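Visitor: the sequence and its predicted three-dimensional model are supplied below.
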Amino acid sequence: MTVLTGAEHSDLWVAHDQPERPVAYGAWLCCCEPCAVALRAAAESRPGLPIVLKTGMDRFVVPAAVAVEARWEGSFERLLRVPDDWLREVFIGPGADRRRIRRPKLRAPWPPPCAACADGAYDREP
């Protein structure tokens, strides 16, 4: 049996238990309306938030925008990929508390210079 410390236990919570708290890593979502509202609020501000669906036969991650659409159309079961599968848990996945930072790609000169140009062979006057 695993015993959770105070800090670990506080990171595990169901969204409807603390409706004022924004969902974050460790929050579980059930099929109730308060959990659906919490998911919708999260998806509006962070559509790529990772939502983990743990099923009887699979485990996969979908973006919050996809999860909220399925939930508002009826249930998370719409996202199941294996026939006769069932949901065991739905929760906010790891990486949820990190925002993606886009860094500019370093661009090399394109096309790359040929060996003769790189050596400056064509820079000389005849």
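Guide: Perfect, thanks for sending it. Residues are numbered from 1 along each chain as shown.
Visitor: which residues in the chain form helices?
Guide: With DSSP state H as the criterion, the chain has helices at 6-10, 33-45, 64-72, 115-119.
Visitor: and the second one, which residues are buried?
Guide: The one in question is helix 33-45. 35-36, 38-39, 41-43 (16 or more other C-beta atoms under 10 Å). All C-beta atoms are positioned from the backbone trio N, CA, C, and that covers glycine.
Visitor: most widely separated two among the residues you listed?
Guide: By the measure C-beta to C-beta, C35 and A43 form the most distant pair in those, at 12.4 Å.
Visitor: skipping its backbone neighbours, what lies nearest R78 in space?
Guide: A70 (4.3 Å; C-beta to C-beta, 6 or more residues apart in numbering).
Visitor: quick check, pLDDT for G95.
Guide: If you check G95, the pLDDT there is 75.
Visitor: verify the contact between it and P50 for me.
Guide: Yes. When contacts are counted by C-beta atoms under 8 Å, G95 is listed as touching P50 (5.7 Å).
Visitor: ok, these two, which is more surrounded?
Guide: P50 (17 against 13; other C-beta atoms under 10 Å).
Visitor: any idea how far the more buried one is from V14?
Guide: Distance, P50 to V14, using C-beta to C-beta, to the nearest Å: 18 Å.
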